[in-house]
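Engineer: Here is my input, please return the structure:
(one chain, ligands or ions: 1)
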Amino acid sequence: MRIRLIVDTKLTMKSTSAKLLTIAAALIVGMASVSSSARRAQNPTPDFSHNTWDLPPDADKAKNPTAATPESIAQGKELFMSRKGNCVFCHGETGTGNEANLPKLRRKPANLADEKRMPHLSDGEIYWKITRGITGIMPSYDEPRLTSAERWNLVNFVRTLSAPKKPT
Ligand code: HEC
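Structural biologist: Coordinates of the predicted model:
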């Protein structure tokens, strides 16, 4: 009889603390959802779907001051692949797009290896696209992020991604 009583008390204590825990958890979840919906109301998810390039009208005419030497291309590649430029995060190593990250991106990156499209872009246009980016879609690489010389090296490297492949 005595043993039973003790067991009963223990059980009741257990279930009381379990109830308290449940209430506490419910309160926390409730508070979290209230504050996140309040945040959403203040900052609705911005709509980036219409954002586009804000290039100077004469972007096309900007002349590339950097010859596409192997050194310039190598430096551009280094920026493209490394964390400093991190173009690879969206565009992938070959320029066709980083498959692994596509689901995380708001917009599908342009195919920088497109042999039909890329030759129609002047060096100036590529330079300005890298410089300005598109708000919420592609970062701007203007100073202080990258120097102008670094961006021209990137232009020279980006060009190589769409160079016609030599038959192997
Ligand atoms: C966060 C993802 C992201 C990063 C990082 C990124 N881009 Fe882009 N890039 C895009 C998207 C998306 C587009 C297509 C935008 C559009 O046309 O609407 C694009 C377009 C471009 C274009 C224009 C191509 C065309 O056909 O007009 C160039 C050039 C380019 N990126 C180069 C770069 C370079 C070089 C870097 C690194 C310095 C870089 N991008 C980093 C997402 C990215």
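Engineer: can you pull the buried residues of stretch 50-63?
Structural biologist: 51, 55, 59, 62 (16 or more other CB atoms under 10 Å). No exception for glycine: its C-beta is placed from N, CA and C like everyone else's.
Engineer: Was I right to think the third one contacts Gly124?
Structural biologist: Right, Ala59. Yes - the criterion here is CB atoms under 8 Å, and Ala59 meets it with Gly124 at 5.4 Å.
Engineer: Among the buried residues of stretch 50-63, which are located in helices?
Structural biologist: Using DSSP state H, no member of those falls in helices.
Engineer: ok, of these, which one's closest to Thr147?
Structural biologist: In terms of CB to CB, no member of those lies closer to Thr147 than Ala62, at 15.1 Å.
Engineer: count of residues packed around Tyr141?
Structural biologist: 22 (other CB atoms under 10 Å).
Engineer: So which residues on this protein come close to the ligand?
Structural biologist: Within the chain, the positions near the ligand by CB under 6 Å from any ligand atom are 80, 85-87, 89-91, 105, 107, 109-110, 112, 117, 121, 126, 129-130, 134, 137-139, 141, 154, 158.
Engineer: From these, list just the buried residues.
Structural biologist: 80, 85, 87, 89-91, 109-110, 112, 121, 126, 129-130, 134, 137-139, 141, 154, 158.
Engineer: Using the record's assignment, carve this structure into domains.
Structural biologist: 1-45, 59-161 (automatic domain parsing).
Engineer: what about the chain, any weak spots by pLDDT?
Structural biologist: For the chain, the stretches flagged by pLDDT under 70 are 1-41, 168.
Engineer: residue ranges for the helices of it, please.
Structural biologist: Ranges of helices within the chain are 2-42, 70-81, 88-91, 123-132, 148-161, based on DSSP H.
Engineer: circling back: mean neighbour count, the domains of the chain: which tops it?
Structural biologist: domain 59-161 (a mean of 16; mean count of other CB atoms under 10 Å).
Engineer: can you tell me the distance between the two ends of that domain?
Structural biologist: End-to-end distance of domain 59-161 (CA to CA, to the nearest Å): 21 Å.
Engineer: next one: stretch 103-111
Structural biologist: End-to-end span of stretch 103-111 (CA to CA): 16 Å.
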